[in-house]
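Asker: Okay, structure incoming, though there's no sequence with it:
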């Protein structure tokens, strides 16, 4: 069994190689859209006393001949203790004989595959001539989103809003300084592609700000009660989800669904169905498209497999006998 | 994160320390009976092309403040390739902050915790004066069952039936040679405590062989279609299961249930309810009791936690940063 820690994983798929992750996450959505993977619903363990939970995310790809299980926690109080809110580990098993093949740190993979899904959504849903990117919430996930989206669209300028100036400074360090511009919330929202990555439970993006032809990646909502967009945007736009069970439970659509503002009929498609050609992506330059991302186990599986295959080739990681 | 391979796990809880495993598995059944643990249903991934599957078994004990996920395969063709049919790994997470604490080989733990559950069942269901043990199927699990059961009852003689003489020879090497006696199928079945550990799909234990007052551990059936006991034994006896969902799906009762020979009303209790005092165990010296074991995730969790705590104390295992 090969053990790959976070540093090793990062070395194998650094930000500069995000295109490889975008490609394999696109393949994951394709195979999911074709129903050629197994992905049972996430299992939750609830740590009520500690205000946290653990999510177990298994999946299997016959094409890869590999199964994966991601185990990932969410403990919002962790930063107070100097720990990350979300930490993940991924185990890969060989489908042919069941052997455990690898244990990988899954924290970085989770970030990268989420950024990559933003790029896959932009590839199929954003205007081909999209040149500006708006970022609301400039934390770690903003880095992955920018890195990935700029691989699928020729982005000239990136307009960022965050209540924390330091977060924006960090973006400027990672990317071309000139490209990153600190702007107001409203300005950030008025770009060709808009990415929201906040942990909010009340919409902050107003409907009147969103211009025709915008594509939105709604990344932040990942638990019941979370939402970032005025539901009027959803009413007006074309909603694309990653998975109905997950999105209706904890995605951007969960609150408006529960309030009856939108219904299942208002969902246009899953991203997988678009990627594999069952449904069309963007149809014209005027429509507003919204990708509601919650994160699929198959995104983790395909990305972890990419990392594992590269690790074997480059002889990185520590082999142990379990 | 502490990595513990099979050798290290075995060193921490060798067969000679099976009593410790019996105690912690008893605690697992107690807490499960009290409904003070979380144990969602096992998740299955099916490798149809390779005639195998993967089972993901998560659970959480607020008392231990630890969650565990066992990932275990079943590939019946593996022995032909020189691999084990069943291989398991277990990840433990800290409930307080979600940190992954340990990765343990779970293959030996699975064997030990199953043997220990046989002892817990015998403790509450076998006659106090049980002195003989019958074993049908003398493979690896027979070793764990004998080691554990002899801790809870003063067993004088062990009568073993197996189609493979070598398996019986192995038992003689592990245990007191004089105690182990090779006998016919019928003779093995006519003991105070009977343990069946075969992979059969047709009952081989006849009802007329089973004497009043016998306790049976039905261990072998762990998949749809498997059964070892003539259903007439179930009709006549007091059936105790570990978990309804698992037992009705893949335990000794699964075939007779599907055939309508028995129904849910014929199940007396779960072992957990008996261990925690909600239901009585054996009531007299005449009744036939049957424990239908399928194996609970909490048995793995409590045993893995025992191993992990001992490993930290004895400074065994390899610490890695994931």
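Answerer: On my side now, so go ahead. The structure displayed is predicted, hence computed values, not measured ones.

Asker: what's the helix or strand for residue A:301?
Answerer: In this structure, residue A:301 is located in helix A:297-314 according to DSSP states H and E.

Asker: meant to ask about residue A:256, not that
Answerer: Using DSSP H and E, the element containing residue A:256 is helix A:254-258.

Asker: Counting by contacts, list what that helix packs against.
Answerer: Other elements packing on helix A:254-258 under the criterion 3 or more CB pairs under 8 Å, 6 or more residues apart in numbering or on different chains; DSSP states H and E are helix A:231-236, helix A:244-250. C-beta: built from backbone N, CA, C; applies to glycine.

Asker: so what strands line up beside the next helix or strand after that helix?
Answerer: Where DSSP H and E defines the elements, the next helix or strand beyond helix A:254-258 is strand A:267-270. Looking at strand A:267-270 with DSSP bridges, its partner strands are strand A:238-241 (parallel).

Asker: Residue numbers of the stretch 101-250 of chain A in contact with chain B?
Answerer: Along the stretch 101-250 of chain A, the residues adjacent to chain B under the rule CB under 8 Å from any CB of the partner chain are A:103, A:105.

Asker: so where do the strands sit in the stretch 101-250 of chain A?
Answerer: A:132-136, A:157-161, A:180-182, A:193-196, A:215-218, A:238-241 (DSSP state E, counting those that start in this stretch).

Asker: contact partners of the fourth one?
Answerer: This means strand A:193-196. A:118, A:122, A:126, A:130, A:132-137, A:142, A:145-146, A:149, A:153, A:155, A:188, A:205, A:210, A:214-220, A:228-229 (CB atoms under 8 Å, 6 or more residues apart in numbering or on different chains).

Asker: Would you mark the buried spots in the helix holding residue A:301?
Answerer: A:297-308, A:310-311 (16 or more other CB atoms under 10 Å in any protein chain shown).

Asker: Endpoint to endpoint, stretch A:73-91 covers what distance?
Answerer: End-to-end distance of stretch A:73-91: 15 Å, with CA to CA, to the nearest Å as the criterion.

Asker: and what of stretch A:260-278?
Answerer: Note: stretch A:260-278 ends 28 Å apart using CA to CA.

Asker: Over it, what's the mean pLDDT, rounded is fine.
Answerer: For stretch A:260-278, mean pLDDT rounds to 98.

Asker: what residues are up against the spatially most central residue of chain A?
Answerer: The residue lying closest to the centre of chain A (CA atoms, centre = their mean) is residue A:114, at 2.3 Å. By CB under 8 Å, 6+ apart, the contact list for residue A:114 reads A:141, A:144, A:145, A:219, A:293, A:295, A:299.

Asker: let's go with 6 Å and repeat that
Answerer: Residues counted as contacts of residue A:114 (CB atoms under 6 Å, 6 or more residues apart in numbering or on different chains) are residue A:295.

Asker: For it, give me the pLDDT.
Answerer: Reported pLDDT for residue A:114: 98.

Asker: Equivalent analysis for residue A:200, please.
Answerer: At residue A:200, pLDDT is 88.

Asker: Excluding sequence neighbours, find me the nearest residue to it.
Answerer: Nearest residue to residue A:200 in three dimensions, chain neighbours excluded: residue A:228, at 5.4 Å (CB to CB, 6 or more residues apart in numbering or on different chains).

Asker: what does residue A:215 give?
Answerer: That would be residue A:126: by CB to CB, 6+ apart, it lies 3.8 Å from residue A:215.

Asker: Surely the one you found and residue A:213 touch.
Answerer: No: contact criterion CB atoms under 6 Å: residue A:126 and residue A:213 do not qualify, at 8.9 Å.

Asker: The two - which one has more neighbours?
Answerer: Per other CB atoms under 10 Å in any protein chain shown, whichever of residue A:126 and residue A:213 has more neighbours is residue A:126, with 27 against 17.

Asker: ok, that one to chain B distance?
Answerer: 34 Å (CB to the nearest CB, to the nearest Å).

Asker: ok, now which ones touch that residue?
Answerer: A:153, A:193, A:215 are the contacts of residue A:126 under CB under 6 Å, 6+ apart.

Asker: end to end, how far does stretch A:267-282 reach?
Answerer: The first-to-last residue distance of stretch A:267-282 comes to 14 Å (CA to CA).

Asker: What of stretch A:249-258?
Answerer: Start-to-end, stretch A:249-258 (CA to CA) is 9 Å.

Asker: roughly how far out does that stretch sit from the chain middle?
Answerer: Distance of stretch A:249-258 from the chain centroid (CA atoms, centre = their mean, to the nearest Å) equals 17 Å.

Asker: One more: stretch A:65-78?
Answerer: For stretch A:65-78, the distance from its own C-alpha centre to the chain's C-alpha centre is 14 Å (CA atoms, centre = their mean).

Asker: And the contacts of it?
Answerer: Outside stretch A:65-78, the residues that touch it by CB under 6 Å, 6+ apart are A:51-60, A:85-93, A:95, A:106, A:300-301, A:304-305, B:45, B:54, B:56, B:69, B:71, B:91, B:97-98.

Asker: Can the helix holding residue A:301 be said to contact chain B?
Answerer: No: applying CB under 6 Å from any CB of the partner chain, one finds helix A:297-314 separated from chain B by no less than 10.4 Å.

Asker: And that helix, what does it pack against?
Answerer: Helix A:297-314 sits against helix A:6-12, helix A:18-33, strand A:52-61, strand A:66-74, strand A:88-94, helix A:107-125, with contacts defined as 3 or more CB pairs under 6 Å, 6 or more residues apart in numbering or on different chains; DSSP states H and E.

Asker: is it possible to export those to CSV including distance to residue A:172?
Answerer: Shown next, in CSV, are the helices and strands packed on helix A:297-314 (distance: least, CB to CB, whole Å):
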stretch, distance to residue A:172
helix A:6-12, 21
helix A:18-33, 18
strand A:52-61, 33
strand A:66-74, 29
strand A:88-94, 28
helix A:107-125, 18
